[in-house]
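Asker: Predicted model and sequence follow; I will ask about them next.
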Amino acid sequence: MLTVEGLQAAYGRSQVLFHVDLAVGEGQVVTLLGRNGMGKTTTVRAIMGLNRPTGGRVEFAGAAVAGWTPEAIARRGIGLVPEGRQVFPTLTVRENLVATAANRRRRTDAWTLESVFAQFPRLKERANQSARTLSGGEQQMLAIGRALMTNPLLLVLDEATEGLAPVIRTEIWAIVERLKAEGQSILIIDKNIQVLKRLADRHVIIEKGRTVWSGTSADIERDAATVRGLIGI
């Protein structure tokens with residue numbers, strides 16, 4: 001579904017990504033791991049077209065999308081939950097959700113306002129509140145719901161549990177687990193390796209803008225010392 005090979009990206013003259021490789025298959029959950037400042041969010045931004053790649057290949061759903069606009073990549077079927085949530089603060093919960101709604105592939109099991117509210121009952125209770133009045137955890141649920149309303153082939157979660165209370169983090173992980181069980185392909189950036197080992201099919205670690213390790217959860221257990229050194233746990 002998503003194949004990234006030799007991805008390079010820069011901010012002006014400062015190169016951040018030098019050679020990132022990763023792949024997400026249909027129905028897979030894949031993590032992108034690494035210490036802060038190693039290029040994880042830049043990788044996501046390059047995949048989404050928010051940072052134009054300076055080299056390498058990004059193929060998604062059978063198309064070479066490197067260099068496409070973010071809008072075109074999103075229409076192709078990637079739903080992004082960005083770092084920091086970035087909901088529309090002046091819109092209501094309902095308006096945030098319907099603003100992105102699309103079913104371009106005519107799915108019979110498409111995400112709708114009703115199915116998102118069923119997944120996130122708190123959002124239904126606050127449907128007519130402006131997003132700025134929500135707690136951080138509720139805003140994160142809204143950001144996930146907004147991405148699901150695009151009916152993505154691939155859901156990208158960039159630090160979806162960062163800064164949240166433990167009880168809210170547990171709720172978010174339960175939602176991710178349900179999405180996986182339903183066959184949703186997911187790329188996750190997060191620091192909670194213990195949860196990720198249980199949820200994910202494969203893991204990719206980057207260091208200083210390069211893929212330096214990849215493997216399964218069983219591989220993490222076998223190569224624990226190396227992984228600890230690379231992700232800083």
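Answerer: Perfect, I can see it now.

Asker: which helix in this structure runs the most residues?
Answerer: helix 166-181 (DSSP state H).

Asker: in it, what's buried?
Answerer: 168-169, 171-173, 175-176, 179-180 (16 or more other CB atoms under 10 Å). For the C-beta atoms, the positions are set from N, CA and C on the backbone; glycine is no exception.

Asker: swap in stretch 155-165?
Answerer: 155-162, 164.

Asker: out of those residues, which one sits closest to R132?
Answerer: L164 (17.3 Å; CB to CB).

Asker: quick one: the closest one and I172 touch, right?
Answerer: Yes: contact criterion CB atoms under 8 Å: L164 and I172 qualify, at 7.0 Å.

Asker: Mind listing the shared neighbours of the two?
Answerer: Contact criterion CB atoms under 8 Å, 6 or more residues apart in numbering; residues shared by L164 and I172: 137, 140.

Asker: quick one, what contacts L196?
Answerer: 31, 33, 188, 190, 203, 217.

Asker: How is it assigned, secondary-structure-wise?
Answerer: helix (DSSP: H, G, I helix; E, B strand; the rest coil).

Asker: E177 versus that one, what's the distance?
Answerer: 11 Å (CB to CB, to the nearest Å).

Asker: Check L199 too.
Answerer: 6 Å.

Asker: Now stretch 31-39: buried residues?
Answerer: Applying 16+ other CB under 10 Å to stretch 31-39 flags 31-35, 38-39 as buried.

Asker: Equivalent analysis for stretch 117-124, please.
Answerer: In stretch 117-124, counting by 16+ other CB under 10 Å, buried: 117, 119-120, 122-123.

Asker: OK, contacts around the nearest residue to Q86 once chain neighbours are set aside?
Answerer: Nearest residue to Q86 in three dimensions, chain neighbours excluded: A143, at 6.9 Å (CB to CB, 6 or more residues apart in numbering). By CB under 8 Å, 6+ apart, the contact set of A143 is 81-82, 85-87, 160.
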